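> turn this into a model:
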Amino acid sequence: MMLVDFFRSVRGAVRARGLRRRGVELGSGAMIGAQVEGRCGAARNQRGRIQAGANLRCERGVILNAHGGSIALGEHVYLGPYTVVYGHGGVTIGDHCLIAMHCSILSSNHAVPAFGTPVRTQADVLLPTKIGRDVWLGAGVTVLGGVTIGDGCVVGAGAVVTKDLAPGSIAYGTPAVVRGWREGAPR
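Below is the predicted model:
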């Protein structure tokens, strides 16, 4: 191992220890980049929870904020630089997922009140979000609350996922539309 890799590994282990002190449950082998935030928070009289399986890799600037809800990350999950995961309503990401840079994964929304009533005053509408195993989200993908992305999906860069995606589908666009299928995918 080169000396640079050794120091990078040590810095990542120190950052992982910092996340654990804030209540984030990390599996073995976690590699945590600079400026990664993990906040469990509290809401509805309960403390949030962030759990990750073995070999999580979080690049620079990742934000994991449970807001009193939950974020569950499987094993061998990669979260690219500046990805944001909000777990108000619960987010689950399966094993072996590749989440590219600048992705947003949400699990809540606001009710839209009558004109003249501030949107900000409305309670969150909790919408659990599920991302299956072996999913690839391209750069800048936004996944809205309440969506389920099936195992093996590929979502193209810049897409906004507003509806469930079947396992093995390839989707892109705003809103994301299924445009093809991975070879061997069930249909």
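> tell me the secondary structure at the residue nearest to Gly29 when sequence neighbours are not counted.
Distances taken as CB to CB, 6 or more residues apart in numbering place Asn55 nearest to Gly29, at 4.3 Å, with adjacent residues excluded. C-beta: built from backbone N, CA, C; applies to glycine. On the three-state scheme (DSSP: H, G, I helix; E, B strand; the rest coil), Asn55 is labelled coil.
> from Ala139, how far off is Asn55?
For Asn55, the distance to Ala139 equals 22 Å [CB to CB, to the nearest Å].
> what's the residue minimising distance to the centre of the chain sitting at in phi/psi?
In the chain, the residue lying closest to the centroid (CA atoms, centre = their mean) is Val85, at 4.2 Å. When read as degrees, to the nearest 10, the backbone of Val85 gives phi -120, psi 120.
> next up, the contacts around the closest residue to it other than its chain neighbours.
Residue nearest to Val85 in three dimensions, not counting chain neighbours: Ile105, with 4.6 Å by CB to CB, 6+ apart. Going by CB atoms under 8 Å, 6 or more residues apart in numbering, Ile105 touches Thr83, Val84, Val85, Tyr86, Val91, Ile93, Ile99, Thr129, Ile131, Thr142, Val143.
> could you rerun that using 10 Å?
Going by CB atoms under 10 Å, 6 or more residues apart in numbering, Ile105 touches 64, 71, 79, 83-87, 91, 93, 99, 129, 131, 137, 141-145, 147, 149, 161.
> coming back round to it: so what's the residue nearest to the centre of the chain up against?
If you count contacts by CB under 10 Å, 6+ apart, then Val85 has 38, 50, 58, 62-66, 71, 73, 79, 91, 93, 99, 103-107, 129, 131, 143 around it.
> pLDDT weak spots in the chain?
Applying pLDDT under 70 to the chain flags the ranges 1-10.
> can you give the domain ranges for it?
In the domain annotation for the chain, the residue ranges read 1-109+124-129, 147-182 (automatic domain parsing).
> what would those look like in CSV with distance to Phe115?
CSV is the format used below for the domains of the chain (distance: least, CB to CB, whole Å):
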stretch, distance to Phe115
domain 1-109+124-129, 18
domain 147-182, 24
